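S.K.: Would you be able to build a 3D model of this:
(chains A and B)
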Protein chains: 2
Amino acid sequence: MSFGQVEGIEPGQQFESRQKLYEAGIHRTLQAGIVGRQDHGAESVVLSGGYQDDEDYGDVIIYTGDGGQDTSRKQVADQEFTGKNLALMKNHSDGIPVRVVRGSGHQSEYSPTTGYRYDGVYDVESVWQEHRPHGFKVCRYRLVKHGGSFDELPEHASDDVDEAGPTVRRKTSVNRIVRNRDVADKVKAINNFRCQVCEGFVETAGGPYAEAAHIRPLGRPHDGLDVKSNILCLCPNHHKSFDMGGLFIEDDLTVRGTSLTLITQKAHPISIEHLRYHRTMWGQP
Amino acid sequence: MSFGQVEGIEPGQQFESRQKLYEAGIHRTLQAGIVGRQDHGAESVVLSGGYQDDEDYGDVIIYTGDGGQDTSRKQVADQEFTGKNLALMKNHSDGIPVRVVRGSGHQSEYSPTTGYRYDGVYDVESVWQEHRPHGFKVCRYRLVKHGGSFDELPEHASDDVDEAGPTVRRKTSVNRIVRNRDVADKVKAINNFRCQVCEGFVETAGGPYAEAAHIRPLGRPHDGLDVKSNILCLCPNHHKSFDMGGLFIEDDLTVRGTSLTLITQKAHPISIEHLRYHRTMWGQP
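M.R.: Numbering: from 1, shown residues only, chains lettered A, B, ... in the order given. Here you go, the predicted model:
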């Protein structure tokens, strides 16, 4: 596998064909949209119009996984996190960047008019698996341009207005959504840095450590709010599991598949609606 | 707190005094080297020659924490992870960037000849606390320029040569040390994605998840090797704890302060020397 930028090839470079992309080492297959191996990660993806669920916002792409289509490219089955889809999930969990190519067949204002264009390296910022209007589950990935200019949430978003709409964004040179650290810090303090699932915490030389996990993710397409009721205080293990579809919390706050109930504090109520959103975005009841 | 870049101020901009830095919002104090609060993180640091332990490699800085000096700036006591030092540790654990300013008093080829220069935003890539030749423990931070050009380890480093010296580096446009993913993947597979400390693993929609933790860290100043004997397969909780000075493994592979012994596999022996290095870098026996 060869991850990241390819020496001598700058983002923006045009290629007339898949064959040329292959020869340049940018996308080393002639057919598939994803080049990757499930135990190693994905090195590149091509957006070429093959999946109607793809959404392109330029520096942010909502990319659809591989499979479940018939020969006319109609979705007829669920996509699973196996093979290439698992590879691209590994980019997320292991922080591996992925090369992005746009083809002229891809319907978006960011597509080239002919051939293919290498658009640089993106981070796989989040991953999920949702039921789409066509009735099937697809694997979904939020790709964010590495080092580009991106949507950022305001530093001082309100921390207690739950009925507000998605937070207004501004363009900056920071390449991720900036969380409101005050809200996250508050949630961790209220919960005394204990995981709300297992009551555990991580010992460090600087004291106990915990993480703030957004239930309904921030940013497109989820547009979750950066407020206390949308944040859990979790240990890194349960955070990872929650973010990667291995942990679900029911409306009654029980933890699915366990005898545990989410530990809550009066000053930090959890939104049942956001928990529902989290289950739904993973195609769960 | 105000993290990250300051609107209207570009990296490289010169300031004639601490007062001017303050007014520009780059470093909002007139005396201290670190601006930060332990429960929120650090927003900026200044290198001005106050700590002899600082090391400056340009895009990589080994920064020394605050405190333990007498009025003549001689180190006379240990530094602890409290106050501003804990703030800067939080930048590491929470992924918060820190603004870096170099002053002319700082002895390095990267310092300005007069006044101060704002040098952009750095990531706090690692943190530790070591005994220095002056006899006291200091808090240490590896700062890596955000989005800059950096040391990278070759993609195909040998995975079984333990006697080799520090791996040769090459300059690239990637802003971190790139681990040899093959070696990490191998270690995880050998251990069946189970944590070598607790035997636990993280459940995800893509199967079990574990992390590869370097015992002696890669990169300056540790220059650990990217080989199996220097890597542990850990769950995220024990990885975080191991990396942040909360978890130590003895020469007999027992886990300090617990009744646990590191779980090992024949195909993946662990280097006692590297474990010793890890304890020493945290000032531990």
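S.K.: Pretty sure A:Ile34 sits against A:Ser48.
M.R.: No: using C-beta atoms under 8 Å, A:Ile34 makes no contact with A:Ser48, being 11.5 Å away. (C-beta placed from N, C-alpha, C; glycine too.)
S.K.: So between those two, which is more surrounded?
M.R.: Per other C-beta atoms under 10 Å in any protein chain shown, whichever of A:Ile34 and A:Ser48 has more neighbours is A:Ile34, with 22 against 17.
S.K.: OK, contacts around that one?
M.R.: With contact taken as C-beta atoms under 8 Å, 6 or more residues apart in numbering or on different chains, A:Ile34 is in contact with A:Ala42, A:Ser44, A:Val45, A:Gly65, A:Asp66, A:Lys84, A:Asn85, A:Ala87, A:Leu88.
S.K.: Could you do A:Glu16 as well?
M.R.: Here A:Glu16 is in contact with A:Thr114, A:Gly115, A:Tyr116 (C-beta under 8 Å, 6+ apart).
S.K.: count of neighbours near the second one?
M.R.: Going back to what we said before, that points to A:Gly115. 15.
S.K.: Over to the first one?
M.R.: Here the neighbour count serves as a burial measure; for A:Thr114 (other C-beta under 10 Å) it reads 10.
S.K.: Point me to the helix or strand that includes it.
M.R.: For A:Thr114, there is no enclosing helix or strand under DSSP states H and E.
S.K.: Is it correct that it is in contact with A:Ser104?
M.R.: Yes: A:Thr114 lies in contact with A:Ser104 (C-beta under 8 Å); the separation is 5.1 Å.
S.K.: which stretches of the stretch 51-200 of chain A have low pLDDT?
M.R.: Across the stretch 51-200 of chain A, residues meeting the criterion (pLDDT under 70) sit at A:148-179.
S.K.: can you pull out the helices in it?
M.R.: Using DSSP state H, counting those that start in this stretch, the helices of the stretch 51-200 of chain A run over residues A:83-94, A:181-190.
S.K.: of the contacts of A:Ile34, closest to B:Thr261?
M.R.: A:Ala87 (34.5 Å; C-beta to C-beta).
S.K.: Now do the same for the residue nearest to the closest one when sequence neighbours are not counted: helix, strand or coil?
M.R.: Leaving out its chain neighbours, the residue that sits closest to A:Ala87 by C-beta to C-beta, 6 or more residues apart in numbering or on different chains is A:Gly36, at 3.1 Å. Assigned with DSSP: H, G, I helix; E, B strand; the rest coil, A:Gly36 falls in the strand class.
S.K.: Pretty sure A:Gly36 sits against A:Met89.
M.R.: No: A:Gly36 is not in contact with A:Met89 according to C-beta under 8 Å; the separation is 9.8 Å.
S.K.: The two: which is more packed in?
M.R.: Applying other C-beta under 10 Å to A:Gly36 and A:Met89 shows that A:Met89 carries more neighbours, namely 30 against 27.
S.K.: Skipping its backbone neighbours, what lies nearest the more buried one in space?
M.R.: Using C-beta to C-beta, 6+ apart, the nearest residue to A:Met89 is B:Gly206, at 4.6 Å.
S.K.: follow-up on the earlier one: near chain B too, which of the contacts of A:Glu16?
M.R.: Contacts with chain B are made by none of the contacts of A:Glu16, judged by C-beta under 8 Å from any C-beta of the partner chain.
S.K.: Now flag whichever of these is closest to chain B.
M.R.: A:Tyr116 (21.6 Å; C-beta to the nearest C-beta).
S.K.: about what we covered before: what would the contacts of A:Ile34 look like in a markdown table with distance to B:Gln79 and neighbour count?
M.R.: Listed next are the contacts of A:Ile34 as a markdown table, based on distance: C-beta to C-beta, whole Å; neighbours: other C-beta atoms under 10 Å in any protein chain shown:
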| residue | distance to B:Gln79 | neighbour count |
| --- | --- | --- |
| A:Ala42 | 43 | 29 |
| A:Ser44 | 45 | 23 |
| A:Val45 | 46 | 29 |
| A:Gly65 | 48 | 28 |
| A:Asp66 | 51 | 23 |
| A:Lys84 | 48 | 23 |
| A:Asn85 | 47 | 28 |
| A:Ala87 | 44 | 26 |
| A:Leu88 | 43 | 29 |
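S.K.: For B:Lys228, state which of the residues you listed is nearest.
M.R.: Distance to B:Lys228 across those (C-beta to C-beta) is lowest for A:Ala87, with 22.6 Å.
S.K.: which residues of chain A fall in strands?
M.R.: A:14-15, A:34-37, A:41-47, A:55-56, A:60-64, A:98-103, A:116-131, A:137-145, A:150-152, A:170-172, A:202-204, A:207-209, A:211-214, A:231-234 (DSSP state E).
S.K.: most tightly surrounded among those?
M.R.: Mean neighbours per residue, mean count of other C-beta atoms under 10 Å in any protein chain shown, is largest over those for strand A:231-234, with a mean of 28.
S.K.: Just the residues contacting that strand, thanks.
M.R.: With contact meaning C-beta under 8 Å, 6+ apart, strand A:231-234 is reached by A:183-184, A:187-188, A:190-191, A:193-197, A:210-215, A:242, A:262, A:268, A:270.
S.K.: The same query, at a cut-off of 7 Å, please.
M.R.: A:183-184, A:187-188, A:191, A:194-197, A:210-215, A:242 (C-beta atoms under 7 Å, 6 or more residues apart in numbering or on different chains).
S.K.: Stretch A:203-211 too?
M.R.: A:188, A:193-195, A:201-202, A:233-236, A:239, B:81, B:86, B:89, B:93, B:129, B:240-241, B:244-246, B:282.
S.K.: Alpha carbons of that stretch, in PDB - could you do that?
M.R.: Extracted C-alpha coordinates of stretch A:203-211, given in PDB (Å, rounded to 0.1, in the frame of the first residue of the first chain):
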ATOM      1  CA  GLU A 203      -5.000   7.500  34.600                       C
ATOM      2  CA  THR A 204      -2.300   9.900  33.400                       C
ATOM      3  CA  ALA A 205       0.500  11.900  34.900                       C
ATOM      4  CA  GLY A 206      -1.800  14.900  34.700                       C
ATOM      5  CA  GLY A 207      -4.700  13.300  36.500                       C
ATOM      6  CA  PRO A 208      -7.800  11.400  35.200                       C
ATOM      7  CA  TYR A 209      -8.600  11.700  31.500                       C
ATOM      8  CA  ALA A 210     -11.900  11.300  29.700                       C
ATOM      9  CA  GLU A 211     -13.300  12.400  26.300                       C
END
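S.K.: pLDDT (mean, whole number) over that stretch?
M.R.: Model confidence over stretch A:203-211, given as mean pLDDT, is 95.
S.K.: Also stretch A:231-241?
M.R.: pLDDT averaged over stretch A:231-241 gives 98.
S.K.: Report the buried members of the contacts of strand A:231-234.
M.R.: A:183-184, A:187-188, A:191, A:194-197, A:210-215, A:242 (16 or more other C-beta atoms under 10 Å in any protein chain shown).
S.K.: what residues does the stretch 1-150 of chain A put near chain B?
M.R.: A:Ser2, A:Gly4, A:Gln5, A:Asp39, A:His40, A:Gly41, A:Phe81, A:Leu86, A:Met89, A:Ser93, A:Gln129, A:Gly147 (C-beta under 7 Å from any C-beta of the partner chain).
S.K.: In those residues, which residue is surrounded by the most others?
M.R.: A:Met89 (30 neighbours).
S.K.: Test my guess that A:Asp56 contacts A:Ser108.
M.R.: Yes: with contact defined as C-beta atoms under 7 Å, A:Asp56 reaches A:Ser108; the gap is 3.8 Å.
S.K.: what's the closest non-adjacent residue to A:Glu211?
M.R.: A:His239 is the one closest to A:Glu211 (C-beta to C-beta, 6+ apart), at 4.6 Å.
S.K.: Verify the contact between the one you found and A:Ile215 for me.
M.R.: No: if you go by C-beta under 7 Å, A:His239 and A:Ile215 don't touch, sitting 11.3 Å apart.
S.K.: And for the nearest residue to A:Gly83 once chain neighbours are set aside, the neighbour number?
M.R.: Spatial nearest neighbour of A:Gly83, chain neighbours left out: A:Gln38 (5.6 Å); criterion: C-beta to C-beta, 6+ apart. A:Gln38: 18 surrounding residues under other C-beta under 10 Å.
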